[in-house]
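S.K.: can you look at this prediction? I've put the sequence above it.
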Amino acid sequence: MVDVHKHDIIIVGGGAAGLRAAIAAVEADPQVSVALVSKVYPMRSHTVSAEGGAAAVARPDDSLEMHGYDTVKGSDFLGDQDVIEYFVEEAPKELTRLEHWGCPWSRNDDGSVATRAFGGMTTKRTWYASDKVGFHMLHSLFQHSMQFDRIVRYDERFVTQLLIEDDGIKGVSALDVRTGNIEVFQARAVILATGGGGKIFPFTTNGNIKTGDGMALAYRNGVPLKDMEFVQYHPTGLPGTGILITEATRGEGGHLINSEGERFLVAYDYGVGNKAELGPRDMISRAIIQEIEAGRGLPGTYGEYVHLDLRHLGEDKIMKRLPFVRELATTYVGVDPVTTPIPIRPVVHYMMGGVDTDIDGLTRVGGLFAAGETACVSLNGANRLGSNSLTECLVFGARAGQRAVALSKETSDGNDVALRKRGFEEQERIDTLRGKKKGGEKLSHVRREMTTSMERGCGVYRTQDTMDATVQEIAQLKGRFADIALQDDSRVFNTEIIAALELGNMLDVAEAVANSAAYRKESRGAHTRRDHPTRDDQNYLHHTLVHFDPAGPRIDTSQVRLGHWEPEERKY
Amino acid sequence: MSSEVKKTFVVTRFDPDRDEEPRTDRYEVPVQPDWKVLDALNYIKDEIDSTLAHRWSCRMAVCGSCGMQVDGKPKLTCKDSLANYGDTVTVEPLANFPVVRDLVVEFEGFMEKFKSVKPWIIRAKERAVEEGTHRQSPAELEAFKQFSMCINCMLCYSACPAVSNEPEFAGPAAIALGHRYNLDSRDEGDSERLAAMRDEGFVYACSYANECSEVCPKNVDPAAAVNQSKLLATMDWMKGLVLPRGGK
Ligand SMILES: Cc1cc2nc3c(=O)[nH]c(=O)nc-3n(C[C@H](O)[C@H](O)[C@H](O)COP(=O)(O)OP(=O)(O)OC[C@H]3O[C@@H](n4cnc5c(N)ncnc54)[C@H](O)[C@@H]3O)c2cc1C
Ligand code: FES
């Protein structure tokens, strides 16, 4: 027996993008029935961990033009400019909606919403709720969504397959983690809002659930992944755990200091000009690595690091604006930032690339949308500006939700019998996999080798040799993965089989990242090559598309949509 | 890394397909000085016994997934330092919840209670986007802010004596959440919420044990929310005796 749930729209993922899409769908049509399918309870989604803020023009000294230009320049001219223009226009409306829905934005004395400075943004346009912005946004969205009975939640369901027929997607299959049963979800439009895949790297700000599932699902079903080589390293992660210390620390005036006690972004030329600590992330991460290579790092158990100094902000400001940073530094590295600088290292944080979509979030498979970090609508290009992505989840989550409703009216349901049959087959596949082999290689070991290889080949600085080696290693690991041991044969809350499915997805995403990186022979944004240190607009001002093929991935390209802003040298 | 020490973890195991009763497994784990309890569980899962089931994700004390009883007390395991414990550490699922498997508990009951406090902004007339944001002074924000900090980790339910005795009791986190919206200057739904709260047992089962506030890893004070809600619910009811419908 396979249970079948019928809805008009399925949204996979209960983070900021998925929840916003769900709300937009029921607002667009109060009759529509939405399934919100998520592998964790929505409030556990990794949006919860975002600290610093969400960008949207709010002040009289700011303009949509300025937000647009900052984003284009931040993207190293690889962002699509129609997408960026739409984004900056919708951003203030979306953050205002969230205010109406209860988000506890921090306030100025006159009761208006407060904004703070962020990297690569010319003026203060980052809305914040102290330093727990993602947490408050996620909980506000989730709580707001609870009033709509038409949003039917299926929590702790792990989506395993997209069910696609000739004229488009007709549903998904999902594993009910609690029972071990496969269920079929039937609908006429599906939105993937499954978040990023930072867990393909060993040292990351991403939580355990960020395994790129949606990217892998789309990839294996004929949708290319776009611009996957652009992996953002955040300059300030805690050594060991990789826990993020938000850029808001620098927005509020924090300094980066080397072992000589110098503010190295001011003392040396790293291209950030007088933006100093408020330069964009790609440049600051490179600066830190160069400081360490120049012998000006500090030695630590988990490799060398530099200091983030907040002492001059004073306890009052730290407690008011950055209380979570103080809690994290105290709990996880035993350092109170009020009295001591925080040790930090660049850490894998965000994937600019993702499922190739148009401005509506629609992919090339009929009815299949993607939004949020899992998508690449081409807002972020080669480097995302901090605080643009929470807003992106809202703007493009909402748009995908609305378009999915419209599209679901024009398409027909899938074939019941065929879909049920796919469900049975999937149940069989899962039952065979579960506890399939008692001896043999551990899944955790294959996973560790994958992450190590990705760091070696696709780190902050890259060269052809190291990337090619990683391409080879990931291909080999895919072979070894097919043969891993699985010990747990229980149907109930079997987290081992979930981890195995996630590793399968991560290997596909890793393959896409490594192959795209090896293809691009220039340096742009977060993709920095020692053997091709400059940007090459002549040959590489285009998006990279990587297509899945059982014989090995295939690369092609698509045009960047320029417009209002001409590419120029990116200097601050 | 150096200065490795070994600790023994006594972990509750339960698989409803196989076990009549929960049992325990013992694992010896080489722990690092900076490890949290969760690090040891993940070591067990990765290196010793991959059949262990536990929930976790953010490992930065904000997603609320990883609550368990450690040496008998409810803890957020990704925040709880192993240095606080002796050579033997017991890890059990949160108390006062049905167990799904091993260290994983059933949340569905809570999710219902959570929804029953109507945790969303209620207004007679919705504000249009064109009207811009509400004005809310820093003081008005402060009035509810701390009650909005709950991460739904459920440690308070595990510690609360009323939760185990009184099934109708909404429990600390749900009441704190309802209270958060009642105190929000943008909201006009307090009468609706307080009416629901007057249902038998909903807030009144609390026996002022204060355990909830003591175990909260985020310094929310749910006990204060419960007490204030009791008072408001009663006052709102009295107001209803005088006026046909209490206003704000
Ligand atoms: C530590 C940290 C701090 C950040 N700070 C900021 C910031 O200050 N400002 C900013 O703009 N951005 C920030 N970001 C980035 C931003 O938070 C994320 O890009 C954004 O929250 C992603 O949201 P999402 O909805 O796309 O995905 P997520 O919130 O990751 O949600 C993904 C959802 O998909 C579900 N899912 C995944 N796979 C499956 C599957 N197989 N089956 C079913 N469900 C599935 C999950 O359960 C989850 O509900 C930060 C990121 C991190 C890691
Ligand atoms: S893992 Fe998220 S709170 Fe502990």
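M.R.: Thanks, I have it. Ligands and ions are numbered 1, 2, ... in the order given.
S.K.: CA atoms for contacts and neighbours, from now on please.
M.R.: OK.
S.K.: tell me where the stretch 1-150 of chain A has strands.
M.R.: Under the criterion DSSP state E, counting those that start in this stretch, the stretch 1-150 of chain A carries strands at the ranges A:3-6, A:9-12, A:34-38, A:54-55, A:115-116, A:126-127.
S.K.: to ligand 1, which of those strands lies closest?
M.R.: strand A:34-38 (3.5 Å; C-alpha to the nearest ligand atom).
S.K.: report the separation between residue A:483 and residue A:500.
M.R.: Separation of residue A:483 from residue A:500 (C-alpha to C-alpha, to the nearest Å): 11 Å.
S.K.: between the two, which has more neighbouring residues?
M.R.: Shown here are residue A:483 and residue A:500; by other C-alpha atoms under 10 Å in any protein chain shown, residue A:500 has more neighbours (21 against 15).
S.K.: so which residues on the stretch 201-350 of chain A come close to chain B?
M.R.: Residues of the stretch 201-350 of chain A lying near chain B by C-alpha under 8 Å from any C-alpha of the partner chain: A:206-209, A:243, A:301, A:328, A:331-333.
S.K.: for residue 198, which residues are in contact?
M.R.: As the question left the chain open, I've gone with chain A. Contact analysis of residue A:198 by C-alpha atoms under 8 Å, 6 or more residues apart in numbering or on different chains lists A:204-206, A:210-212, A:348-351.
S.K.: hm, I was asking about chain B
M.R.: Here residue B:198 is in contact with B:204, B:233-234 (criterion: C-alpha under 8 Å, 6+ apart).
S.K.: related to what we said a few turns ago, which one (most neighbours) among the residues of the stretch 201-350 of chain A next to chain B?
M.R.: residue A:206 (28 neighbours).
S.K.: just confirm it contacts residue A:48, I think it does.
M.R.: No. With contacts counted by C-alpha atoms under 8 Å, residue A:206 stays clear of residue A:48, the gap being 10.8 Å.
S.K.: neighbours around the residue in the stretch 51-200 of chain A that chain B sits nearest to, how many?
M.R.: Nearest residue of the stretch 51-200 of chain A to chain B (C-alpha to the nearest C-alpha) works out as residue A:111 at 4.2 Å. The number of residues packed near residue A:111 is 17, by other C-alpha under 10 Å.
S.K.: ok, it touching residue B:139?
M.R.: No. Between residue A:111 and residue B:139 there is no contact under C-alpha under 8 Å: 9.2 Å.
S.K.: sheet partners, orientation included, of the host helix or strand of residue A:307?
M.R.: Per DSSP states H and E, residue A:307 falls inside strand A:306-309. According to DSSP bridges, strand A:306-309 forms sheet pairs with strand A:255-257 (antiparallel), strand A:342-351 (antiparallel).
S.K.: returning to that earlier point: output the strands of the stretch 1-150 of chain A in TSV; the columns should cover distance to chain B and mean pLDDT.
M.R.: Below are the strands of the stretch 1-150 of chain A laid out as TSV (distance: least, C-alpha to the nearest C-alpha, whole Å; pLDDT from 0 to 100):
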stretch	distance to chain B	mean pLDDT
strand A:3-6	19	97
strand A:9-12	18	98
strand A:34-38	14	98
strand A:54-55	15	98
strand A:115-116	13	96
strand A:126-127	12	98
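S.K.: quick one, which of those strands is nearest to ligand 2?
M.R.: Using C-alpha to the nearest ligand atom, the nearest of the strands of the stretch 1-150 of chain A to ligand 2 is strand A:34-38, at 16.3 Å.
S.K.: contacts only, for residue A:423.
M.R.: By C-alpha under 8 Å, 6+ apart, the neighbours of residue A:423 are A:2, A:173, A:182-184.
S.K.: narrow these to those that are buried.
M.R.: Buried by 16 or more other C-alpha atoms under 10 Å in any protein chain shown: A:2, A:173, A:182-184, out of the contacts of residue A:423.
S.K.: farthest pair in the residues you listed?
M.R.: Largest separation among those by C-alpha to C-alpha: A:2 and A:173, giving 10.0 Å.
S.K.: common neighbours of those two, please.
M.R.: With C-alpha under 8 Å, 6+ apart as the test, residue A:2 and residue A:173 both reach A:182-184, A:423.
S.K.: now, which of these sits nearest ligand 2?
M.R.: residue A:182 (26.4 Å).
S.K.: pretty sure that closest one contacts residue A:159?
M.R.: No. When contacts are counted by C-alpha under 8 Å, residue A:182 is not listed as touching residue A:159 (9.2 Å).
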